[in-house]
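Trainee: Build me a structure from this.
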Amino acid sequence: MKIKRVEHIAIAVNSLNQSMSLLRDTFGIPLEYEEQIGATRLAMLPVGETYIELLESKAPDSGVNKWIAEKGEGLFHICFEVEDIEGAIAELKAKNVALQSDTWRTGHGGSKIIFLDPKATGNCVIELAELPAGH
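Mentor: I've put the predicted structure just below:
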């Protein structure tokens, strides 16, 4: 599998607006776009070729809120961009790397995403994403 870049670093937050203000006012990082996926609201802020992804959820049983309840606000996962998500999944399965699901799902910006099981990565949550053409 070819990793193209670190696509984003995700941070679980209680307040998207407060966190966006901090990044904008302190570091001058502009908001590129916001998106709602299920109960989770996300904001993408570009830093060079990578993004900071802020994640806020209003659903008490969401992965984001479970994470915050257990570990507090902060680093949630790292996302690598891949050229071919299906090829990456097949390669990981061939290497017996545990995944959180059997197939990809639609994520931010219409990307195809999958998460590796943190038990297989030293408790680091890793996402793989194939971005749509022109993204």
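Trainee: going forward, measure contacts between C-alpha atoms and count neighbours the same way
Mentor: Will do.
Trainee: And Glu49, its phi and psi?
Mentor: Phi and psi for Glu49, reported as degrees, to the nearest 10, are phi -90, psi 0.
Trainee: Report all helices and strands that the lengthiest helix in the chain contacts.
Mentor: For the chain, the helix with the greatest residue count under DSSP state H is helix 16-27. Judged by 3 or more CA pairs under 8 Å, 6 or more residues apart in numbering; DSSP states H and E, the packing partners of helix 16-27 are strand 40-47, strand 50-57.
Trainee: Can I get those in CSV including mean neighbour count and mean pLDDT?
Mentor: CSV is the format used below for these (neighbours: other CA atoms under 10 Å; pLDDT from 0 to 100):
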stretch, mean neighbour count, mean pLDDT
strand 40-47, 19, 96
strand 50-57, 23, 97
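Trainee: To Ile11, which of the ones you listed lies closest?
Mentor: Nearest to Ile11, of all the helices and strands packed on helix 16-27, is strand 50-57, at 5.0 Å by CA to CA.
Trainee: neighbouring strands for that closest one, and are they parallel or not?
Mentor: In the sheet, strand 50-57 lines up against strand 3-12 (parallel), strand 40-47 (antiparallel) (DSSP bridges).
Trainee: JSON lines for these, including distance to Cys79?
Mentor: Below are the strands paired with strand 50-57 laid out as JSON lines (distance: least, CA to CA, whole Å):
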{"stretch": "strand 3-12", "distance to Cys79": "5"}
{"stretch": "strand 40-47", "distance to Cys79": "13"}
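Trainee: That'll do, ta.
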